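>>> Following is a predicted model, sequence given first.
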Amino acid sequence: MAPAIRLLCLFLLGCVVRADDDDTEKPNFLIIIADDLGFADVGWHGSVQMNTSNLDALAKQSTVLTRHYVQSVCTPSRAALMTGYYPIRNGLQHMTIQAAQPYGLPLNFTTMPQILQEKAGYKTHLVGKWHLGYFKKEYTPTFRGFDTFFGFYGGMEGFYDHGINKNGFYGIDFNENEGTTVKTTPEYFGQYSDDLFGDRASKIIKDHDKSNPLFLYLAFQGVHDPLEGKSELNKEFPHIYKWHRRQHAMQLKALDNNVGKVIAALEERSMLDNTYILFASDNGGSSVSPHNEGSNYPLRGMKTYEFEGGVRVPAFIKGPGIPEQVTYDNYVHISDWLPTFYSAIGENVTDLGGIDGIDQLKHIQKTAKKGPRDEILLKIDPVYKEKAIISGEYKLYLTENGLHAIVDDKLAKIAIQSGVEPIRDGWYYDSGPLGQNNTVRQDSILGGWKLPIVVCNDTLDIGRSCNLRAANSSCLFNIIEDPCEYNNIADDHPDIVARLMERIEFYEESMVEAQDPPADPMANPELPGRNGFWEPWQDDV
């Protein structure tokens, strides 16, 4: 019998006719992570400013995860994704790895690509951002389960020059590693990073030998600062008057275009139907103008904080058996993807031991009304003395010293000079007036699909508003009834506060010490033999 022919149309990419066959027994996996993408900055959450047309089209063919939670900053989230463990288990619970800090994901933790390689012979590739340590080669991606790595080790860099000034040192962070070979790459200077990542991911797919299944982790740089939109895209956003917000839109559109390019490559290789595609942000958007211009509105707060705007992110999953044009409204945590994908290759999740992640596969495939996860540990930070947990419909958020200020001292200074408070615990709209022609594409792409938009069901009662800036403060929210965290109900429910505190104490009993060593001056890229690059510097120590 001739294979069925079907038509896939991605917005702005045209239609491709393909045979509905597949050469692989195991499914492929494509994980796409956006960096600092705000909850409100995608079309399927109702944005009328951003143009996420390819992502919107893909979301419409997927199950949208309306309560997908992450850690509030990059390193802890990526560690949870790669290992299935909460960051309190590996010492990565306090903020992010800075460029000159000599630590990383401990070597006794097995990563998702290592497991997939060993269990089912997957070919594994990381394109984009790592941010789990590189002070020694053993901590870099190709020593942690990836066959190849094309991207940058640290948390951020210039989109064109690929340079970063951190810990008082400046250097280039761009690498092309394979096996045990670690190689810096000056030849990509001046080329837009997310275009490079989209092109490389597409090439990996086009060159892939389908006798082995594929695991591709595509971790884009966008829309992290610095605000460097791709200049050719400026003309697409005349409706955004504010320069910084327009730059943000240009960054996001470059990411979106490259997602379309990668999906087209899967389709051309007849791999799409047998590929699980996860899209998510690593944390909430940063709304510190002029440093960044993300919007999580109407969710409260931003990245680095455990309000919903910092930890509840845009996400969807597509793949074999996954329903289209539906929402999955149960809790999902970023640590769940390791056991979920392990289950998807037919393995028994109990093999993974006592991880914190939970297999969500069957529940998502059935769009279950009740999911397997009822609790999410958001933070226990022994340095900042901040803790947060979700249990049932409630979230408890407390501080011993008051909320920390915006992390980076330079960023805090910029924020203060710009009239922005260094503690960002409020509600931040998408900042900046719109032109009259402000609806970019929703109707044409999303059609009559019911958008999963958050609606605040209550009003802000100043007398009950949560204030965590003072020492020894605590706030309790019913995040199902009050998703925008308007009203602190801690005084009304001391029993619930006590129960959630007991759960936090339970996790504290097994928490390891947070890693946060001082910057090492030997990391300086300007030292002899470094050629101005950030690269492993303790291999000979």
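Sure thing, it's come through. Residues are numbered from 1 along each chain as shown.
>>> Okay, buried residues for stretch 467-475 please.
If you call a residue buried by 16 or more other C-beta atoms under 10 Å, then stretch 467-475 has these buried ones: Leu468, Ser473, Ser474, Cys475. For every residue, glycine as well, the C-beta is placed using N, CA and C.
>>> Tell me which entries of those lie within strands.
Ser473, Ser474, Cys475 (DSSP state E).
>>> so the second one touches Leu398, yeah?
Yes - counting by C-beta atoms under 8 Å, Ser474 does reach Leu398; the two are 3.8 Å apart.
>>> Now do the shared contacts for those two.
Contact with both Ser474 and Leu398 is made by residues Leu468, according to C-beta atoms under 8 Å, 6 or more residues apart in numbering.
>>> Now do the strand or helix carrying Met82: everything it contacts.
Using DSSP states H and E, Met82 maps to helix 74-83. Contacts with helix 74-83, where a contact means C-beta under 8 Å, 6+ apart, come from 31, 33, 35, 70-71, 85-87, 89-90, 92-93, 95-97, 105, 109-113, 129-132, 144, 155, 219, 282-283, 333-335, 337-338, 355-357.
>>> Just the CA atoms of it, as CSV, please.
Taking Å, rounded to 0.1, in the frame of the first residue of the first chain, the C-alpha atoms of helix 74-83 are listed here in CSV:
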residue,chain,number,x,y,z
CYS,A,74,19.1,29.8,33.8
THR,A,75,21.6,27.4,35.4
PRO,A,76,19.1,25.8,37.9
SER,A,77,16.5,25.3,35.2
ARG,A,78,19.0,23.7,32.7
ALA,A,79,20.4,21.5,35.4
ALA,A,80,16.8,20.2,36.2
LEU,A,81,16.1,19.6,32.5
MET,A,82,19.3,17.6,32.0
THR,A,83,19.2,15.5,35.2
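>>> The helix or strand just after it vs helix 74-83, what angle?
Counting by DSSP H and E, the element after helix 74-83 in chain order, helix or strand, is helix 112-120. Following axes from the mean of the first three to the mean of the last three C-alpha atoms, to 10 degrees, one obtains 10 degrees for the angle between helix 112-120 and helix 74-83.
>>> neighbouring contacts of the following helix or strand past helix 112-120?
The first helix or strand that comes after helix 112-120 along the chain, using DSSP H and E, is strand 123-129. With C-beta under 8 Å, 6+ apart as the test, strand 123-129 has contacts from 33, 35, 74, 78, 113, 116-117, 141, 145-152, 155, 197, 200-201, 204, 208-209, 212-221.
>>> So what's the gap between strand 123-129 and the chain middle?
Relative to its parent chain, strand 123-129 has a centroid offset of 15 Å by C-alpha atoms, centre = their mean, to the nearest Å.
>>> okay, stretch 184-202 in CSV with CA atoms only?
Only the C-alpha atoms of stretch 184-202 are listed here, as CSV (Å, rounded to 0.1, in the frame of the first residue of the first chain):
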residue,chain,number,x,y,z
THR,A,184,37.2,27.9,19.9
THR,A,185,35.8,29.5,16.7
PRO,A,186,36.8,33.1,15.8
GLU,A,187,35.5,32.6,12.3
TYR,A,188,31.9,33.3,13.3
PHE,A,189,32.6,36.8,14.5
GLY,A,190,30.0,39.3,13.1
GLN,A,191,27.3,36.6,12.4
TYR,A,192,24.1,36.7,14.3
SER,A,193,24.2,33.9,16.9
ASP,A,194,20.6,32.6,16.6
ASP,A,195,21.0,32.4,12.8
LEU,A,196,24.1,30.3,13.3
PHE,A,197,22.3,28.1,15.7
GLY,A,198,19.3,27.6,13.4
ASP,A,199,21.6,26.8,10.5
ARG,A,200,23.6,24.3,12.5
ALA,A,201,20.6,22.6,13.9
SER,A,202,19.1,22.3,10.4
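>>> Buried by neighbour count: which residues of that stretch qualify?
184-185, 188, 192-202.
>>> related to what we said a few turns ago, export the ones in strands among the buried residues of stretch 467-475 to JSON lines and tack on pLDDT and distance to Gly309?
Formatted as JSON lines, those follow (pLDDT from 0 to 100; distance: C-beta to C-beta, whole Å):
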{"residue": "Ser473", "pLDDT": "94", "distance to Gly309": "18"}
{"residue": "Ser474", "pLDDT": "96", "distance to Gly309": "19"}
{"residue": "Cys475", "pLDDT": "97", "distance to Gly309": "14"}
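>>> Include distance to Ala254 when you put these into JSON lines, please.
Output for those, formatted as JSON lines (distance: C-beta to C-beta, whole Å):
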{"residue": "Ser473", "distance to Ala254": "40"}
{"residue": "Ser474", "distance to Ala254": "41"}
{"residue": "Cys475", "distance to Ala254": "37"}
